[in-house]
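Engineer: Fold the following, please.
(2 chains)
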Number of protein chains: 2
Amino acid sequence: MNVQSYFSKNIIDALKNNPPGEWMTDIPNGCIRLNSGYPAPELIPVHQFKESVVRLLEKEQDLPFHYLGSPGMENLKQSIQKRLSERGITVLEEELLITSGACQAIDLIARILVDDETVIAIEAPTYMEALEVFQNYTKRFISIPVDEQGMQTHVLEEVLAERESRGKPLPCLLYTIPTFQNPTGTTMKEDRRQHLLDLAEKYNFLILEDDAYGELNFRKCPPPLKAMDREGRVLYVGSLSKVVAPGLRIGWIAGLPDFITALAWFKKDLDHPFAQASMATFLESIDFEKWLNYIRSTYQLKSSILISAMKQHLPKSVTWYEPEGGYFVWVKITGINTSELLIHALSEGVSFVPGKYFFLDHNNGTAFLRLSFSYANKNEIVEGIQKLGKAVKLVLNNS
Amino acid sequence: MNVQSYFSKNIIDALKNNPPGEWMTDIPNGCIRLNSGYPAPELIPVHQFKESVVRLLEKEQDLPFHYLGSPGMENLKQSIQKRLSERGITVLEEELLITSGACQAIDLIARILVDDETVIAIEAPTYMEALEVFQNYTKRFISIPVDEQGMQTHVLEEVLAERESRGKPLPCLLYTIPTFQNPTGTTMKEDRRQHLLDLAEKYNFLILEDDAYGELNFRKCPPPLKAMDREGRVLYVGSLSKVVAPGLRIGWIAGLPDFITALAWFKKDLDHPFAQASMATFLESIDFEKWLNYIRSTYQLKSSILISAMKQHLPKSVTWYEPEGGYFVWVKITGINTSELLIHALSEGVSFVPGKYFFLDHNNGTAFLRLSFSYANKNEIVEGIQKLGKAVKLVLNNS
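Structural biologist: Presented below is the predicted three-dimensional model:
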């Protein structure tokens, strides 16, 4: 049976444009994982979470096992509203949708806003999974470069003005990770944030703000775009994956009520009462600000260990942005193809993500790679960078 | 801001065709819920599940909290494969996708197969949520009537032959709940199952088999379509919502590997390691056949209590199909509009689902209603039917 012959026309296009497959080489067992955007295993609150589940089920009995009706599940929304308000974002209950992680949130937003005629503006580089999601809906992208101050909004302005003057279609949606961006780790400065919001108003586009890392700041950082959004142009995506655990699959979208109604209508995995009520019970059991301070200081320490090791073990020609938060360091190695480097790094016993995956045009990422300091432990970080240093020197000497 | 002006063209159509909203009147507190397709609260294995979570976390520690890597999560697939094989369905690992419940499974299948030109054949009546999902993708439906032997495949054959002879588009997909159908509770007999598969081959359509209730049989019942499927035309959807608990959101799709690859590509909520590994651990802790026998006998008893009460308290003109399994009884009351009846029933203190919601053309459902014996307890079932009897007599006397 020819399975493809049954696919709908949109899907045939999407699969042709953006074929499914392993985006990363399999990582051998025992390899030090500087590729993973996973939280630190030592920061997963296993014991507290177990106690929370026990407490929840003793209190609510069968309620979190039905489709609806768990009080704990309702508490999750309030808990998220409270956290958002601490970031300067005030949302009503009808302006908030719980999703199964940020990736589903991005897919739902694309589902309601994007079709094959839609132009999307993205950062270059950007989060590879979001890129994959968007490519399931459209082929039309505008890539705006990111530097150590975040998205270069003056480039965006030039591109928009040029497209308008030539009568070319303008973007309907701009996707940004303004704070501790994935993969660059950089943060959009406040004047650029205001500039971006002004451009959204002038050129009438919506902004998808992905703030998955926003609470993992090592020092003071600018407010989220959503906190500066007067018109409701920002659809804000948050997640508990990076600050608690991804395995619960809890994220959210904050936006105008009419957006939330439509998004909820297309979210067919429904609510996840057991996971959501368990998470709510866990959140009630901790002092969240204290928790955040604890994990921030852990990641800051790991980040500084990674940077020190890089200074010590990598050739002088290797450069990077020093992270101010989040999970990642973005590294540039001129004269190297990082996909080839990965082969050598894996045989040394360390992994990273080659830069190409973060660009629509893979060629733009050849000289870059993303390191993560979140998952590996402190010793592994140092050892991993030593191994990476060896691989880099080997490839540079061979070229 | 005019939110609608930002929606993509497909979504504007879908929302116009199939507006989101409360499909059911709010049910007052204290009302006996003969509407709910929820499992019996007394059958939710709260205690065993709590113990399973504790055991899982003591064994796997942080592993079920990451995106990937929990051995328990892997066990879930094997556990489902084993159960499927007991129903005569042999699937390889690459032929199985875990979904967040059956509703997401149906949505994913529609996502890859259905666009606005696709014709879908459905049962009349059918599961209202599936109808909602399909209407998000297309307006083109063929409704095939269901009787006490399931879908009337001879009607389907006539419709297909007639459409072919007139050059009208044929369906690409047929959606059926062959076993303990929602809402009718009836089961497609084995000769009709073979007839349906023969028609699928002859007219080259795929079958979406929704088997959410298939294991809740009160006596021997025919094999699933998937067990009789030689060509791979059947996409089989199963769920643990009705036999364990919906709040975990665990369902699955079994189909040819190329379908599964594409479906997985569009499933952007990813895996749910904590919920899946918890469920796997629970399933390992019980004798599933024994568990099934226990819940089957409970539902059979509740079903017989409902039927006895109906015989006693409803007027002779009220008719129904006697269920052989599942959760539901489909009731016909000639001369009554069941949406009006619901208002009186709710003020008596009992709820049901008016028949209109299960038909594409709501007018076809005016004389019908769906009762569920799964959620209410035995006393409530009897009391609920007494109240329903009062409401029916009141409306019949007024008309």
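Engineer: check which helix or strand covers the residue nearest to residue A:43 when sequence neighbours are not counted.
Structural biologist: In space, and not counting its chain neighbours, residue A:43 is closest to residue A:295: 5.3 Å by C-beta to C-beta, 6 or more residues apart in numbering or on different chains. Quick note: C-beta positions are derived from backbone N, CA and C, even for glycine. Residue A:295 belongs to helix A:288-313 when assigned by DSSP states H and E.
Engineer: Which element is encountered next along the chain beyond that helix?
Structural biologist: Criterion used, DSSP H and E; the element after helix A:288-313 is strand A:318-320.
Engineer: Work out for me the element the residue nearest to residue A:319 when sequence neighbours are not counted sits within.
Structural biologist: Counting by C-beta to C-beta, 6+ apart, residue A:319 lies nearest to residue A:332, which is 4.9 Å off, once chain neighbours are set aside. Using DSSP H and E, residue A:332 sits within strand A:328-333.
Engineer: how close does residue A:259 sit to chain B?
Structural biologist: Residue A:259 is 6 Å from chain B, where distance means C-beta to the nearest C-beta, to the nearest Å.
Engineer: Check residue A:23 and give its pLDDT.
Structural biologist: According to the prediction, residue A:23 has pLDDT 60.
Engineer: Show me which positions of stretch A:300-317 end up buried.
Structural biologist: A:300, A:302-303, A:305-307, A:309-310, A:313-314 (16 or more other C-beta atoms under 10 Å in any protein chain shown).
Engineer: ok, residue A:323 to residue B:181 distance?
Structural biologist: According to C-beta to C-beta, to the nearest Å, residue A:323 and residue B:181 sit 56 Å apart.
Engineer: Name the surrounding residues that touch whatever helix or strand residue A:390 lives in.
Structural biologist: Following DSSP H and E, one finds residue A:390 within helix A:378-398. The contact list for helix A:378-398, computed with C-beta atoms under 8 Å, 6 or more residues apart in numbering or on different chains, reads A:32, A:34, A:301-302, A:305-306, A:309-310, A:312-315, A:317-318, A:333, A:335-336, A:340-341, A:344-345, A:347-350, A:352, A:371, A:373, A:376.
Engineer: Near chain B, list only the ones from these.
Structural biologist: Among the contacts of helix A:378-398, proximity to chain B is found for none (C-beta under 8 Å from any C-beta of the partner chain).
Engineer: show me the contacts for the residue nearest to residue A:75 when sequence neighbours are not counted.
Structural biologist: In this structure, residue A:75 finds its nearest non-sequential neighbour in residue A:280, 4.2 Å apart by C-beta to C-beta, 6+ apart. With contact taken as C-beta under 8 Å, 6+ apart, residue A:280 is in contact with A:72-73, A:75-76, A:79.
Engineer: Show me which positions of the helix or strand residue A:280 falls within end up buried.
Structural biologist: In this structure, residue A:280 sits in helix A:273-285 according to DSSP H and E. Buried residues in helix A:273-285, counted by 16+ other C-beta under 10 Å: A:273-284.
Engineer: Quick check: mean pLDDT of it?
Structural biologist: 98.
Engineer: Report the angle between it and helix A:288-313.
Structural biologist: Helix A:273-285 and helix A:288-313 are oriented at 90 degrees to each other (axes from the mean of the first three to the mean of the last three C-alpha atoms, to 10 degrees).
Engineer: the strands in chain A, which residues?
Structural biologist: Taking DSSP state E as the test, the strands found in chain A are A:32-33, A:96-99, A:119-124, A:140-147, A:150-151, A:173-176, A:206-210, A:234-239, A:251-254, A:318-320, A:328-333, A:350-351, A:353-354, A:368-372.
Engineer: Make a markdown table out of the ones you listed and add mean neighbour count.
Structural biologist: Shown next, in a markdown table, are the strands of chain A (neighbours: other C-beta atoms under 10 Å in any protein chain shown):
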| stretch | mean neighbour count |
| --- | --- |
| strand A:32-33 | 20 |
| strand A:96-99 | 22 |
| strand A:119-124 | 24 |
| strand A:140-147 | 19 |
| strand A:150-151 | 26 |
| strand A:173-176 | 25 |
| strand A:206-210 | 25 |
| strand A:234-239 | 27 |
| strand A:251-254 | 25 |
| strand A:318-320 | 17 |
| strand A:328-333 | 22 |
| strand A:350-351 | 26 |
| strand A:353-354 | 24 |
| strand A:368-372 | 26 |
